[in-house]
Structure formats: structure tokens, C-alpha cells
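> With the sequence up front, the predicted model follows.
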Amino acid sequence: MSDLRLPAPPRRHLLSVGDLNRSDVERIIETSRAMAASLDREVKKLPTLRGRTVVNLFYESSTRTLASFELAAKRLSADTMSLRAAGSSVDKGESLKDTALTLAAYDPDVIVVRHPSIGAPHLVARWTGAHVVNAGDGKHQHPTQALLDLYVMEEALGRLEGLHVAIVGDVLHSRVARSLVQALELVGARSTLVGPPTLLPRGIEALGCEVSTDIRRIVDADVVYVLRMQRERMAPGEAFVPSLREYTALYGITPERVRPGQVVMHPGPMNRGVEIDPRVADSDAALVTDQVRAGLVVRMAVLYDLLTTSPVRVVEPLEVA
Amino acid sequence: MLFCCNGTRDSLVLEGRVVAPAQRIDECLTITIVDGVITRLEPSGSSRAMIAPAFVDPHVHLRTPGREDEETLRSGTEAAAAGGYCAILAMPNTDPVVDSASVLGALVELARAEAVLPTGFMAAISKGQRGEVLTEMSELATAGAVAFTDDGRPVVSAGLMRRALSYSGVTTRPLALHCEEPALSRGGHAHEGAVSAELGLGPYPSAAESVMVERDLALAALEERRIHLLHLSASESVTALDRALHAGVPATAEVTPHHLVLTDEAVRSLDPNVKMNPPLRGEDDRESLLDALRRGAISCIATDHAPHARHEKDVPFEEAPFGVTGLETAFAALYTRLVLPGALMLETVLERMSTGPARAFGIGEPRIEVGARANLVVLDLEAEWRVTEDGFRSLSANSWLLGETLRSRVVRTIADGREVFAA
């Protein structure tokens, strides 16, 4: 049993890593640890958010993010429902605003939004009275992914301060990269973006990271963070690299490119044999399944953080009738 | 060439500090207007009012025909009157496109019934603005077209552009060019730079504009035809313009108030009311535009007034259409954000909002002198007001200034001898 004292008032929304400060990040990671401990129990459900409602509003396909938000809400005893754009009134041309207002009429406590357009969760936050969590908006932000990545790094390496993370691949189209660079900066870690010149956005160094087109630069890193090489970026007219074969030859993470002692992370889903060699993906250096597990506890912590206004004893198991 | 509803010309007397840079006037005068014509200018005592030649906007989207829910000739010209304008030029990217004498003729008739101030119409360069076949420029000029433009989209084919320049010699009208290389701007929502990189917005690089500016200036030189460059945004474009002007190419150019005041930093708000084409660019670009405006290389300030229905802007940034309104806020925005802090002289703003655009398009320039038709704006430079959604005469409210407090207000507008606005 542990008491969780919240040092600062919780935030109303989690829209962008840029909205967080270092103590927010540290608090959420610490709460995540407590949540992880609760999951070792035989009865995994906590009563903390009993009577609360969490709505997942997903305009883009998702497996792990949606599954982990759903499960996180359930583990905290919240009522939860998930709406996907396909098969809903969005298919009939309903605007984001009307969908948001419709959901708001049910008085949800939290709306988790994934949307292909940048800033969509911010609009939902403006239009509704719910706490809004950004579960990915276009190429912009994916703050819970960044938080779970920090959690995994700290668990695996024992620290965040001073860590060096090389983020490799398609940075241009990656909300994961944008969020993670900002999050690393917040906790005193540094990041280097490595990828083909056509997939490194002009001006990204303003975020405080280093940028390189040379894969050898990853040798200095404690963590090699591999981004998904999205096949749809290879469509004619959209081909940012001439072929996946050449991409893999230049930037694929092979056992030869991983230094002993380095850990390898990937937000999933992986393209084995493209951005990551299967031998690396299946090696002990890979923390990919740890990331999936962390997704659950960090999202529990985020929901808890948004919905709990005073220090609360979290770790009371729910009495099952 | 300009059309509005008929009415009797007014007789009135105005008094104030008269600032008419083109006539080198800056003194307190009483202006007597009889039947719409200035008949007397006499020295007077000092007054809070400032009187200047009324403004001319060479770049307005009146959305008529086709989107009368966003703007009509009446609402658009009333908005212009409230902004101190005595003449505006409307863009042809309507539905249908103004690409035939019949569409233009219908608009002219409508303007004679509805437009409260002189309104000119540009016609398309290519049929349907599809960039394939030239419009009947002679017939359109005869029907009243002030200039030709495919504004809203570029003339992609260099071959068609050259032919348009060459063929436009059958008229005396200039071509007004929207410079954008779509292969470089495709998928772009914000200036390529630190802000778009951080937000993940599709980048719209400066080069998407400047390579087309270079091309069109080269073709204008080749064909020895006059061109007007619409809404410049990038310092590279200014460099190209300077070079061409130095070489004697007959080109004029315009800049919008929002490109003079804002940079892409404003896009961090993800407010669809700072989304426009071309996009807001960097501080260097803004400085370069201001410099070109001071020097006169850019001789026109144009609003690119682009009304959009509320529900179309009430969406995420990337899904929102490009464009913002500007007729009712242009002078006050420039005065508050640039003249008061000392970035621009009042005289420069007045000249580039009036004489500059009138000369670029060969329409009568507003003058303050005895015998001239009265085209005057009376301004209260001390007034303060807040820009609110319900404060517009325009049918649309997609202003980049919503919620801002501005200094200076138009209190009276006289257009073609008639009072068209009084606060």
C-alpha cells in the first residue's frame, strides 16, 4: 500500500508534450510505477475511477493505443466506450464538432481522441467540458507514447537525465518523434534524429535535437529508437526514398549496427526486415514488448492524473462481489 | 471599368488634417464638395479627424456568383466602404468562373444594382481557370474586365503563361499572377521552417512562390508585357522583383496586411484564421516585405479579402480552407501594428493603399484637389475598438484579428462623390 501525494494540481487535458513540465512528467512516471505494481496482484482492478466515463474517439486505425486506453479505463473501474469513425455517423459526413458535441451530451469525464488532423483534440477540448487526451493527431503529437517511452527507458536504464537517444527513420511523418524529442528535452536527455535527408523536416533542429543523415551517429546513443517506415510513403509521386531496399541498406537497424549495451525501441507496428532486422527485434536489446506493457500502466496513470484532484490512496483492490 | 449603383452625388463640407502623400499635402483643411466634386480647399483649424484619399483594394473575393452565403456584392462593398475604400477589384475564381462575357455581363448588371461603391472585375486567364485554354480577352475587356488572373491557382504551364502574356496584347489590361509552383506546395499548410517542422504541418516552402515569380518575370520580360504579382510573401520573391524592376521589366506587386504584420509563429495557435495562401512566413520575409513596401518596389497593399463560411473554418487547421477577411480591418491593423510602433510611416500606408493600387491597374487614382471627384476617407486615429465576430458588415467573420483591440477607425468614406459609409 502506498500513498500517492500529488505535488501539483493535475492538468485538465493532455494535448501536447509541450503543455507539460518536468514535474508533470516525473509525477506521471511515478504514478505509472504504482499502477504497474497494482497489476502484479491477482485481482487487477482498482476502484479509483468508479462511476467515471472514458470515451475513446478514434478517427484513425489503432491497435495498441486504443486497446490500452480501453483496458486502462477498465482497470481503474471507469465505464468506457470506444467509437471508431468507420461505421459511425462520421461515415455519414458528420463534422468533428457535431460528433464532439454529441458525445459531450453524455457527460463523459474523459475523451481520448485520435484524429488524422493536427489540433483536432485541441478543438474537442474547446468544444466539450471533458478532459481530453490526445492519442495522436496527424503528424503533430502523441504525448502518451512519449510518456510510456520515457517510462520504459527509465525502467531499463535506471535514469533519464543525460541519456542520449537516437531516433532513426521517417521523422517527417512521425508524431512519435516530435513528441519524444520534446519529452526527452524536458527530462534532461538529448536526442539525435537520423534518417534520409528527404524524411528529416527542415527546421526540426529548433526543437533542441541534433540531426544527421549518417547512421553511424547512432553508435553514441544509449537508446536506438526506430521509427516505422510507412509503406504508404512509397506511393508514386510521394516516394521520399527510391526504394525500401535502399532505405534498409542505409538505415535499417541490423545486429551489426547495434552496439553492445544499447537498447532498441520501436513504437510499433514493426516492418520486420525494413527498418528493423528481425534478429534485432527478437534480441534481448529490444524493449518492444516492454513498451506495449508500459502503454497500459502509463495510460492508467494519465487517466488517474487527469481525474484525481486530491491525494488519493490508489492501490485498494476492488472488492469483487 | 468600375461599376456600382447609381445615386445622386453628395454635397458636403469636411474638415480635418488632410494627408495626401501623392499630392504632397499634409495640413489642416476644409474640403468643400459640391455634387460629388471637390470645389474648394481652405485652411482650417486643427481637428481630431484625418482625411486622406480613400483606399483602393486590388484583391477582393466577393464570392459572387456561387457562394452568396459567404459574401454578396452588397455585403462585400458595404464592408469595403466601412474599411475606407472607394474602389475594389473582385477576383474571378467564383462558381461559375468569370471566364466569359456573359458571366461578366451578369456581374456588371448585379454591381449596378447592388454595389455601394465602384467595383471592378477581373476575368480569368484560362477558361475555368483550368490552365488549358485562354479566355476571350478582347471580348472580356470590352465587357469591362479590369485585368486577367487565375488567382486562387497558378498558371502551371509555362507555355500557356507565355501565350497569355503575348495574347493579352490585344487589350491594354495587365495580367495579375498568383505565383505558386504546385509541385512544391502540394500538401503544404504552413511555411516550411521550424514551426511547420515542430507542428508536423505539411511544408509550403518559400521557393514554391519564388520560382514562379522568377519564371513569370522572365516571361513578362520576354513578351514585354505588364504583370502584377499578387500577395507576395517571401524574401526570395522580393529579390527577384528587385532584379526585374532594375532591368526595366514592367511589373507591379502587392502585399497583404497579414503578411506585413504576422509570421508563421502565429500558426502555433492552430487557428484556421491564420491559414492563408501563400502562408505566413518567417521574420526575415516579413522584414523584406516591409522594406520593399517602404522603397516602393511593392507599391500596393491588398487585403486578399477571402470570406469563408463559419462552419468551414470551424474544423482542424489542415481541413480548413485558405483565406482570411480583411476589408474592414486593413488600415487599423497596419496603423496599430506597424505605424504606431514606427515600422512604417503613415504616409507610406496611405499611398500604398490608394495611389499605388490605382496606378497598378490604371483606374482613376483618388486625389485631393479642386476639380477632382471626391474619393475620401475620414479617420479617427485616436479611436480604439475591439474586433468581434458580430461587428462585421461582411457576411463572414474569418478575420485573423478576432478579439484584438485596434487603434484608429474609419469614420466616413466618400466614394466617387457619394458618402458610402458614416460611423
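Looks like it arrived, so ask away.
> At the geometric centre of chain B, which residue sits there?
Centroid-nearest residue in chain B: B:A302, 2.3 Å away (criterion: Cα atoms, centre = their mean).
> Just to check, that residue is in contact with B:E254?
Yes: at 4.0 Å, B:A302 and B:E254 qualify as touching, with contact defined as Cβ atoms under 8 Å. (C-beta placed from N, C-alpha, C; glycine too.)
> Between the two, which contacts overlap?
Counting by Cβ atoms under 8 Å, 6 or more residues apart in numbering or on different chains, the shared contacts of B:A302 and B:E254 are B:P58, B:H59, B:L230, B:H231, B:P357.
> my guess is B:L165 is in a strand, correct?
No: membership of B:L165 in a strand is not supported by DSSP: H, G, I helix; E, B strand; the rest coil, which gives helix.
> just the strands in the stretch 101-250 of chain B please.
For the stretch 101-250 of chain B, the strands defined by DSSP state E, counting those that start in this stretch cover B:119-123, B:145-149, B:175-177, B:190-191, B:203-204, B:227-229.
> Redo these as a markdown table? Include mean pLDDT and distance to chain A.
Output for the strands of the stretch 101-250 of chain B, formatted as a markdown table (pLDDT from 0 to 100; distance: least, Cβ to the nearest Cβ, whole Å):
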| stretch | mean pLDDT | distance to chain A |
| --- | --- | --- |
| strand B:119-123 | 98 | 32 |
| strand B:145-149 | 98 | 28 |
| strand B:175-177 | 98 | 26 |
| strand B:190-191 | 98 | 9 |
| strand B:203-204 | 98 | 7 |
| strand B:227-229 | 98 | 25 |
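> Let me have these in TSV, extended by mean neighbour count.
Output for the strands of the stretch 101-250 of chain B, formatted as TSV (neighbours: other Cβ atoms under 10 Å in any protein chain shown):
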stretch	mean neighbour count
strand B:119-123	27
strand B:145-149	27
strand B:175-177	27
strand B:190-191	26
strand B:203-204	25
strand B:227-229	27
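> can I get those in TSV with distance to B:P43?
Below are those laid out as TSV (distance: least, Cβ to Cβ, whole Å):
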stretch	distance to B:P43
strand B:119-123	35
strand B:145-149	37
strand B:175-177	41
strand B:190-191	49
strand B:203-204	52
strand B:227-229	39
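> Which secondary structure element is home to B:P307?
According to DSSP states H and E, B:P307 maps onto no helix or strand at all.
> which residue packs closest to it, ignoring adjacent ones?
If you skip the residues right next to it in sequence, B:P307 has B:S396 as its closest partner in space, 3.3 Å away by Cβ to Cβ, 6 or more residues apart in numbering or on different chains.
> Give me the three-state assignment for that neighbour.
Using three-state DSSP as the criterion, the local structure at B:S396 reads coil.
> what sits against it?
Taking Cβ under 8 Å, 6+ apart, we find B:S396 in contact with B:E70, B:E71, B:P307, B:H308, B:A309, B:R310, B:T325.
> which of these tops the neighbour count?
For those, the largest number of neighbours (other Cβ atoms under 10 Å in any protein chain shown) sits with B:T325, at 30 neighbours.
> what's the neighbour count on whichever residue of the stretch 101-250 of chain B sits closest to chain A?
Distances between the stretch 101-250 of chain B and chain A by Cβ to the nearest Cβ are smallest at B:G200, namely 3.0 Å. B:G200 has 26 neighbouring residues, counting by other Cβ under 10 Å.
> In this structure it contacts A:G119, no?
No: with contact defined as Cβ under 8 Å, B:G200 does not reach A:G119; the gap is 10.1 Å.
> Now the common contact residues for these two.
When Cβ under 8 Å, 6+ apart defines a contact, the residues bordering B:G200 and A:G119 alike are A:G138, A:H140.
> In chain B, mark out all the helices, start to finish.
Counting by DSSP state H, residue ranges of the helices within chain B are B:73-82, B:101-114, B:137-142, B:158-167, B:182-185, B:194-199, B:206-223, B:235-246, B:257-261, B:283-295, B:310-313, B:330-334, B:346-352, B:355-360.
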